[in-house]
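In: Below are the sequence and a predicted model; questions follow.
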Amino acid sequence: MSPNVLKQKKVKSITIKDVEYFDVADIKSNHYDLKVNIKKMITIDGVLLIKAEDISSLTDFDNKIKGIFKPKK
């Protein structure tokens, strides 16, 4: 996904050594329409981060699977 799109969605980001990373916790908490490639996550100072290219929008299939496995209350 484009870093500009993620910034428009107001996903928290940080730049380290000229590489922009996005906060995985912010994505999981506030951006339910996005998914991350968990194999590409890195941890810096205890914070999970990921590059924009490893973030994508949920597909219809993802939403259907999510609906099937909703947590029971």
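Out: Sure, I can see it.

In: Just give me the neighbour total for the closest residue to M1 other than its chain neighbours.
Out: Leaving aside its chain neighbours, M1 sits nearest to I55 (4.7 Å; criterion: CB to CB, 6 or more residues apart in numbering). Where you see a C-beta, it was placed from the backbone N, CA and C, and this is true even at glycine. Number of residues near I55 (other CB atoms under 10 Å) recorded here: 23.

In: wait, isn't I55 in contact with V36?
Out: Yes - I55 is in contact with V36 according to CB atoms under 8 Å; the separation is 5.4 Å.

In: can you list residues touching both of the two?
Out: Shared contacts of I55 and V36, defined by CB atoms under 8 Å, 6 or more residues apart in numbering, are found at I27.

In: Could you list the low-pLDDT ranges of the chain?
Out: 71-73 (pLDDT under 70).

In: Run through the helices of it in chain order.
Out: 3-8, 24-30, 60-68 (DSSP state H).
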